[in-house]
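Enquirer: just a sequence and a predicted model for now, questions to come.
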Amino acid sequence: MIGELATERANQDFKPGIDFSATGRQQTPVELEDVSYEISGRTLFRDLSFTITAGMRVGLVGPNGSGKTTLLRLS
């Protein structure tokens, strides 16, 4: 049976396709304005403002413990 299935699949024309347009996701921008965050007396960021819209690519770079994950969790 496995051999039959392999032969059958080999004879089929398969064109993979992914359509992301119908995911139903809302494309609401992420907006932060004048955000500050402090933990245990340590300021991670102050007066931070930015907007991320659909289609944008964003890189968040910084040393360990600088607040990257904390910032992502706030948005």
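Expert: Looks like it came in fine.
Enquirer: where along the chain do the helices fall?
Expert: In the chain, the segments counted as helices under DSSP state H are 2-10, 68-74.
Enquirer: between those, which has the poorest average model confidence?
Expert: Per-stretch mean pLDDT for these is lowest at helix 2-10 (a mean of 67).
Enquirer: is it correct that Leu48 is in contact with Leu32?
Expert: Yes - if you go by CB atoms under 8 Å, Leu48 and Leu32 touch, sitting 6.1 Å apart. Quick note: C-beta positions are derived from backbone N, CA and C, even for glycine.
Enquirer: what sits up against stretch 54-68?
Expert: 27, 29, 37, 44-45, 52, 71-72 (CB atoms under 8 Å, 6 or more residues apart in numbering).
Enquirer: contact partners of stretch 33-49?
Expert: 32, 66-67, 70-71, 74.
Enquirer: hmm, try it at 6 Å
Expert: For stretch 33-49, the external contacting residues (CB atoms under 6 Å, 6 or more residues apart in numbering) are 67, 70.
Enquirer: now do that stretch: distance from first to last residue.
Expert: By CA to CA, to the nearest Å, the extent of stretch 33-49 from end to end equals 4 Å.
Enquirer: sorry, back to before: any idea which of the contacts of stretch 54-68 is the one closest to Ile2?
Expert: Gln27 (44.2 Å; CB to CB).
Enquirer: please report how far that closest one lies from Thr53.
Expert: Distance, Gln27 to Thr53, using CB to CB, to the nearest Å: 8 Å.
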